[in-house]
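Participant: Provide a 3D model corresponding to the input given below.
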Amino acid sequence: MSRYKPPKAMALSLCLLFSLFVGLPVQGQAADVNTARDDSPSVNVALGTVNLLDAHKKGYLGLEYRVQPLGDWQLRPVLATGWITDAAWHIAAGLKRDFRIDKGWTLTPGFSVLFFEDGDIVTLGSSIQFKSELEISYRFPGQNRLGLAFFHVSNGGLGDKNPGTEALVLSFGVPLTL
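Facilitator: Numbers count the residues shown, from 1 in each chain. Below you'll find the model as predicted:
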């Protein structure tokens, strides 16, 4: 059975357009100077290694937009895209939650659903993938964050094969003030 593969340029363009739309301020949501900057939306860049536990490790570059925490549970909606050096790529949407564990230190678990395009080496058995992640980061006085994250990506049995993959990435986050 053949699966549909959308043109990569079109999928990436749609993801970027959607990210820009979601990032635009809505009337009445302008940044309040009294709001803590660590609760501001942020942009994170991640660099690391995919196939961490396999013989054929590949490089990873990720870009992520984190919305300000919402509701009583302080969940952060996340939009992301990532590229692997074997031509694999993904777009994702998910939720994260920051837990402050000590002055400056934050533990952030997350879960996302991905549309994944296989590469030459990293093939995950389905276009739909699930990502579970745990990040520890340090927040500097200017509110920038430097973190280390481990994540697992798997199709959860949706495909005939479910090899999954793991990654270790270094991330850098910058808060956005509107």
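Participant: how about the strands in this protein?
Facilitator: All strands of the chain, identified by DSSP state E, fall at 42-50, 58-66, 75-84, 89-97, 99-102, 105-117, 128-139, 145-154, 165-175.
Participant: Give me the buried positions along the second one.
Facilitator: Buried residues in strand 58-66, defined by neighbour count with 16 or more other Cβ atoms under 10 Å: 58, 60, 62, 63, 64, 65, 66. (Each C-beta comes from the backbone N, C-alpha and C, glycine too.)
Participant: then it to CSV, C-alphas only?
Facilitator: What follows is the C-alpha trace of strand 58-66 in CSV, where atoms were taken according to Å, rounded to 0.1, in the frame of the first residue of the first chain:
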residue,chain,number,x,y,z
LYS,A,58,22.3,11.4,12.8
GLY,A,59,22.3,15.1,13.6
TYR,A,60,19.2,17.0,14.6
LEU,A,61,18.1,20.6,14.3
GLY,A,62,14.8,21.6,15.9
LEU,A,63,12.8,24.9,16.1
GLU,A,64,10.0,25.2,18.6
TYR,A,65,7.4,27.9,19.6
ARG,A,66,6.1,27.6,23.1
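Participant: for that strand, the distance to its chain's centre please.
Facilitator: A distance of 6 Å separates the C-alpha centroid of strand 58-66 from that of its chain, computed with Cα atoms, centre = their mean, to the nearest Å.
Participant: where does the protein have low pLDDT?
Facilitator: Judged by pLDDT under 70, the chain has its weakly predicted residues at 1-38, 178.
Participant: The same query, at a cut-off of 50, please.
Facilitator: 1-37 (pLDDT under 50).
Participant: Closest to residue 160 out of the buried residues of strand 58-66?
Facilitator: Checking the buried residues of strand 58-66 against residue 160 by Cβ to Cβ gives residue 58 as the nearest, at 22.6 Å.
Participant: show me the contacts for that closest one.
Facilitator: Contact analysis of residue 58 by Cβ atoms under 8 Å, 6 or more residues apart in numbering lists 49, 50, 51, 84, 85, 86, 88, 119, 121, 122.
Participant: Which ones among those lie within helices?
Facilitator: Secondary structure of those is defined by DSSP state H; no position falls in helices.
Participant: Which of those residues sits closest to residue 110?
Facilitator: Using Cβ to Cβ, residue 50 is the member of the contacts of residue 58 that sits closest to residue 110, with 16.6 Å.
Participant: What is the neighbour count of the closest one?
Facilitator: Here the count is done by other Cβ atoms under 10 Å, and residue 50 has 26 residues near it.
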